[in-house]
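**Q** model the following, please.
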Amino acid sequence: MPELILHHYPASPFAEKIRLLLGAKSLSWRSVEIPVVMPKPELMPLTGGYRRTPVLQVGADVYCDTALIARVIERLHPAPPVTSDHSALSDFALANFADQQLFSAAVAYAMQPEGLKTMFAGMTPEQMAAFGEDRKKMREGGSGLRMPLAEAQGVLLVTLARLEGQLADGRRFLTGDAARISDFSCYHPLWFIRRAGAVASIFEPYPHLRGWMGRVEAFGHGKSMPMSAAEALDVARDAAPGMLPGRSLREVDGVAVGDAVSVSAVDYGVDPVFGTLANAEPDAVSVRRSDARVGEVVVHFPRIGFRIRKA
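**A** Reported below is the predicted structural model:
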C-alpha cells in the first residue's frame, strides 16, 4: 500500500486534527514540513496553487482539506472506524460546525494580545509582520472574514458549555465510547486556544471537557518518519494517479470529465487550481493536472466548501 505523506507544519491546528487521527489508527506516515507562510515552492507542484495546510499525498494523488483527508485515511485504513462516507448526520454536522464556526471563534479568541505573546514567542517583529500579511492575503476574495472578539467569545461560551453537558453523562467521547470525526474536529480549535497561554483559562470551569481533551491528546500522532519535500516530489513523479471511474455530474456543475476546469475554496485561501475534470462525485471532485517537476497528478477536493467552474 502506498505511503501516507502529510505535508504540514507543527503549529497548524488542522494538521493536528489529522495527526491525531493517524495516531488513533496507530498508523505510520511520512512527514514533510512545509513553510507556515507563502511562498511554498515545493508544495505548489503537487497542488497547482492550493496553499492551505495540511495536504495528504498518496503517490501521485493529492488530497486537499481535512474533511476529505479524513475520509481517504478511513478508506485506506478502516480500523478502528472514525468516519465514513455515510457517517451519522449528527457526527457530520458537529464536525462541520467545529471546522467552520468553532475554528473561526478559536482563532479570534487565541489571537488576543496575551495569546499572541505566547504563540509568537521567539519570533522577530519582521516574522510576525510577515505572518500577519500572509494571513491577510489568505482571506482576500473569500467569504471567511475574521470573527470579532466579542462574537468569538459568545460562540465559545455556548459551545464549551454544550460540550461539557454532553460529556457529563460519563461518555468517553462526544458521541459515545469511541472517538469519531467530531472529536478530532472539535479538539483542534481548542488545542489552538490551549497553545495560547493565559487565554486557555477559558477551559477551567469545564472538568469533563478537559478530561475529554486529555483522552483525545493521548492518541498521539502514530509513527511519523521525516521526508524531504524533494523526496515527496520524486514519489509523485515516479507514481501514477489512482484509476478514477470518470463520473461527472454535469447537471450539478455544468462540466463533464475531460473539460478544463478550476476548483477553489470559497472561504479563504481561494487560489484556483486549474486542470481537467477527472471525476466528480456527490462528495468530492478531482482535477487532473501536469507539472514539469512531478508529471501528471490528480488533485482531489471535497464538495462542501469548494466551487468548480468551467475554465
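**Q** so who does the one residue sitting closest to the centre of the chain touch?
**A** In the chain, the centroid-proximal residue (CA atoms, centre = their mean) is residue 66; its distance is 3.3 Å. Taking CB atoms under 8 Å, 6 or more residues apart in numbering as the criterion, residue 66 is in contact with 14, 17-18, 54, 99, 185. Placement of C-beta: from N, CA and C, glycine included.
**Q** show me what the lowest-mean-pLDDT helix or strand in the chain is packed against.
**A** Counting by mean pLDDT, DSSP states H and E, the chain has its least confident helix or strand at helix 250-253, which shows a mean of 82. For helix 250-253, the elements it packs on are strand 273-280, judged by 3 or more CB pairs under 8 Å, 6 or more residues apart in numbering; DSSP states H and E.
**Q** how far does the strand it packs on sit from its chain's centre?
**A** Going by CA atoms, centre = their mean, to the nearest Å, the spacing between the C-alpha centre of strand 273-280 and its chain's C-alpha centre is 21 Å.
**Q** other residues contacting it?
**A** In this structure, residues lying in contact with strand 273-280 by CB under 8 Å, 6+ apart are 47-50, 241, 244-249, 252-253, 255-264, 285-290, 298-299, 301, 308, 311.
**Q** so of those, which ones are in helices?
**A** With DSSP state H as the criterion, helices contain 47, 252-253 from among the contacts of strand 273-280.
**Q** if you rank those residues by neighbours, which is first?
**A** Using other CB atoms under 10 Å as the contact criterion, the top neighbour count among the ones in helices among the contacts of strand 273-280 goes to residue 47, which has 22 neighbours.
**Q** could you break this protein into its assigned domains?
**A** Structural domains annotated on the chain: 5-80+224-310, 89-217, as defined by automatic domain parsing.
**Q** which of these is buried the deepest?
**A** Per-residue neighbour counts averaged over each of these give the maximum for domain 5-80+224-310, namely a mean of 19 (mean count of other CB atoms under 10 Å).
**Q** span of that one from start to end?
**A** Across its full length, domain 5-80+224-310 reaches 30 Å between end residues, using CA to CA, to the nearest Å.
**Q** residue ranges with poor pLDDT in the protein?
**A** Screening the chain residue by residue with the criterion pLDDT under 70, one finds the ranges 84-87.
**Q** where do the helices sit along it?
**A** Here the chain has its helices, by DSSP H, at 13-24, 44-47, 66-76, 89-97, 103-110, 113-119, 125-139, 149-167, 181-194, 207-217, 229-238, 250-253.
**Q** as TSV, the ones you listed with distance to residue 174 would be great.
**A** Compiled in TSV, the helices of the chain are given as follows (distance: least, CB to CB, whole Å):
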stretch	distance to residue 174
helix 13-24	14
helix 44-47	31
helix 66-76	15
helix 89-97	7
helix 103-110	16
helix 113-119	25
helix 125-139	29
helix 149-167	6
helix 181-194	5
helix 207-217	7
helix 229-238	34
helix 250-253	32
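**Q** sorry, back to before: out of the ones in helices among the contacts of strand 273-280, who's nearest residue 60?
**A** Minimum distance to residue 60 across the ones in helices among the contacts of strand 273-280 is 12.4 Å, recorded for residue 47 (CB to CB).
**Q** what sits against the nearest residue to residue 102 once chain neighbours are set aside?
**A** Leaving aside its sequence neighbours, residue 102 sits nearest to residue 189 (CB to CB, 6 or more residues apart in numbering; 4.8 Å). For residue 189, the contacting residues are 13, 98, 102-103, 105-107, taking CB under 8 Å, 6+ apart as the criterion.
**Q** go again with 10 Å.
**A** 13-14, 16-17, 98-107, 109-110, 156, 159 (CB atoms under 10 Å, 6 or more residues apart in numbering).
**Q** returning to that earlier point: nearest to residue 223, of the helices of the chain?
**A** Nearest to residue 223, of all those, is helix 13-24, at 8.7 Å by CB to CB.
**Q** and that closest one with helix 66-76, angle?
**A** Direction vectors for helix 13-24 and helix 66-76, defined by axes from the mean of the first three to the mean of the last three CA atoms, to 10 degrees, enclose an angle of 20 degrees.
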